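Chemist: Provide a 3D model corresponding to the input given below.
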Amino acid sequence: ELPLARLLAGTGIDLVVARVTAVDAAARTVRLDSAPYAIGYDTLVYALGSGADTAAVPGAAAHASAVATYQDAVRLRERTAGARGALAVAGAGLTGIEAATELAESHPGLTVHLVTDGEVGAGLSERGRRYVRRALDRRGIAVREHTRVSEVAAHGLVLADGGEIPADSVVWTAGFRVPALAREAGFAVDARGLLTVGPTLRSTSHPEVFAA
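Modeler: All right, here's what the predicted structure looks like:
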């Protein structure tokens, strides 16, 4: 891979490697933790991403793996390398479905459980859900719908109904968290802290801000 700086050379784009600490919406300035410490803007594209919400249930942070970042994926590969029995994925949105199918293909000798408190692929059309179910069936993935996880333990998932799903490794894809910067900046956000936008991804409260 070419370094990002080389890819941007000659484009007129300045690369600044720093952590964003705040956005001053009134001054239209992004605050950074290192030089140049502040960058003014006329238009802001807010694209800070998200992370797995491993604080949702006890034990998830300690015993489950996320797949939100490259580092998460590397840790998951290390955890599943020695698996001999079963793997469990908590959360059956698009990320959970993809994680379960990838694990089933990578570890054909193991049982992969896909657990959700709702329905698999709930945001898809009925045709899309049927397609996903067939894909999961072909890979031998054991689907548990309308099943709430109350705890992630070292030995697998503990369920709200008192049952358990033993697993050598657990992947947590049930929900995500976002940085608080948008809320702290005064941008309009929803209950989860996500920027609220119109059909062109423009902020509903600050028209100079777009979210991706």
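Chemist: Now for Arg144: which residues touch it?
Modeler: Each residue near Arg144 by Cβ atoms under 8 Å, 6 or more residues apart in numbering is listed here: His113, Leu114, Val115, Thr116, Ile165. Backbone N, C-alpha and C define where each C-beta goes, glycine included.
Chemist: could I get those as CSV with secondary structure?
Modeler: As requested, the contacts of Arg144 are exported to CSV (DSSP: H, G, I helix; E, B strand; the rest coil):
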residue, secondary structure
His113, strand
Leu114, strand
Val115, strand
Thr116, coil
Ile165, strand
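Chemist: farthest-separated two in those residues?
Modeler: Maximum pairwise distance among the contacts of Arg144 (Cβ to Cβ): 12.2 Å, between Thr116 and Ile165.
Chemist: Which one's more surrounded, these two?
Modeler: Comparing Thr116 with Ile165 by other Cβ atoms under 10 Å, the one with more neighbours is Thr116, at 24 against 20.
Chemist: nearest residue to the more buried one other than its sequence neighbours?
Modeler: Ala92 (3.5 Å; Cβ to Cβ, 6 or more residues apart in numbering).
Chemist: a helix runs through that neighbour, doesn't it?
Modeler: No - read with three-state DSSP, Ala92 is coil and lies in no helix.
Chemist: That one is in contact with Val120, isn't it?
Modeler: Yes - with contact defined as Cβ atoms under 8 Å, Ala92 counts as touching Val120 (4.3 Å).
Chemist: between the two, which one's more packed in?
Modeler: When Ala92 and Val120 are compared on other Cβ under 10 Å, the one with more neighbours turns out to be Ala92, at 27 against 21.
Chemist: where are the low-confidence patches of this protein?
Modeler: 1-2 (pLDDT under 70).
Chemist: Run a quick neighbour tally on the closest residue to Pro36 other than its chain neighbours.
Modeler: Closest residue in space to Pro36, ignoring its immediate chain neighbours: Val16 at 7.0 Å, by Cβ to Cβ, 6+ apart. The local packing of Val16 (other Cβ under 10 Å) involves 11 other residues.
Chemist: ok so Val16 is a helix residue?
Modeler: No - per three-state DSSP, Val16 lies outside any helix segment and is coil.
Chemist: The chain should start at 803 in everything you say after this.
Modeler: Understood, numbering begins at 803; the last thing we discussed is Val818.
Chemist: Quick check, it in contact with Asp835.
Modeler: No - under the criterion of Cβ under 8 Å, Val818 is not in contact with Asp835, lying 11.1 Å apart.
Chemist: which residues of this structure fall in helices?
Modeler: Under the criterion DSSP state H, the chain contains helices at 806-810, 862-865, 872-882, 896-908, 928-940, 983-987.
Chemist: wait, which of the ones you listed is closest to Leu850?
Modeler: Closest approach to Leu850 among these (Cβ to Cβ): helix 983-987, 6.6 Å.
Chemist: before we move on, the earlier item: out of the helices of the chain, which gets nearest to Trp974?
Modeler: Minimum separation from Trp974 across the helices of the chain (Cβ to Cβ) falls at helix 862-865, 5.0 Å.
Chemist: Just the CA trace of that closest one, in PDB.
Modeler: Taking C-alpha atoms only, helix 862-865 is exported to PDB below (Å, rounded to 0.1, in the frame of the first residue of the first chain):
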ATOM      1  CA  ALA A 862     -18.900  -8.100  26.900                       C
ATOM      2  CA  ALA A 863     -15.900  -5.800  27.200                       C
ATOM      3  CA  ALA A 864     -13.900  -8.600  28.900                       C
ATOM      4  CA  HIS A 865     -14.900 -11.700  27.100                       C
END
